[in-house]
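> sequence and predicted structure below; questions after.
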Amino acid sequence: MSARRAPSRAGLAVVAALAPLLAACSVLVTGTPTAAPPRTLDGAQVERDVRAVLAADPSTAALATAPVLCPQQVVVYPQLVLFCQAHLGNVIRSIPVTVLDREGNYQVGRPF
């Protein structure tokens with residue numbers, strides 16, 4: 001049988017003195033978790049998709065040739081509706097784009 005020795009006062013004092021330092025080091029090493037940056041929509045891709053949807057429908061095909069401007073770097077929130085604009089001569093038409101989910105899928109609506 002081996003006899004266990006009780007810790008000495010000096011040993012306890014060293015452990016007590018080092019405990020706050022070790023705790024501080026663990027905070028420095030682990031740090032605070034940082035949140036992932038929010039997902040955003042690529043405005044140029046949204047503009048291309050809007051033009052493609054407009055071109056696919058004969059009733060809106062003329063708008064597909066017009067300049068289409070959509071908001072850039074929109075943060076993805078499900079059910080968010082953003083509006084792109086098509087400039088055809090002196091007429092500006094709005095095209096709603098609805099964000100469907102957190103992955104950034106969206107649906108292009110009918111222009112008005």
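That came in fine, so what should we check first? Note that this is a predicted model, so its numbers are computed, not measured.

> helices of the protein, start to end?
9-30, 43-56, 61-64 (DSSP state H).

> quick one: average pLDDT of the longest one?
Same thing as helix 9-30. Averaging pLDDT along helix 9-30 gives 56.

> what of the last one?
Here helix 61-64 scores 93 as its mean pLDDT.

> using PDB, write out every CA atom in that helix.
Taking Å, rounded to 0.1, in the frame of the first residue of the first chain, the C-alpha atoms of helix 61-64 are listed here in PDB:
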ATOM      1  CA  ALA A  61     -40.100  39.900 -72.900                       C
ATOM      2  CA  ALA A  62     -39.700  43.600 -73.900                       C
ATOM      3  CA  LEU A  63     -38.600  44.400 -70.300                       C
ATOM      4  CA  ALA A  64     -35.900  41.800 -70.500                       C
END
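
> residues making contact with it?
51-52, 54-55, 86, 88, 93, 95, 111 (Cβ atoms under 8 Å, 6 or more residues apart in numbering). C-beta here means a position set from N, CA and C on the backbone, and glycine is covered the same way.

> could you measure from residue 60 over to residue 103?
Per Cβ to Cβ, to the nearest Å, residue 60 is found 26 Å from residue 103.

> ok, those two, which is more surrounded?
residue 60 (16 against 10; other Cβ atoms under 10 Å).

> does the more buried one really touch residue 111, like I thought?
Yes. With contacts defined as Cβ atoms under 8 Å, residue 60 counts as touching residue 111 at a distance of 6.0 Å.
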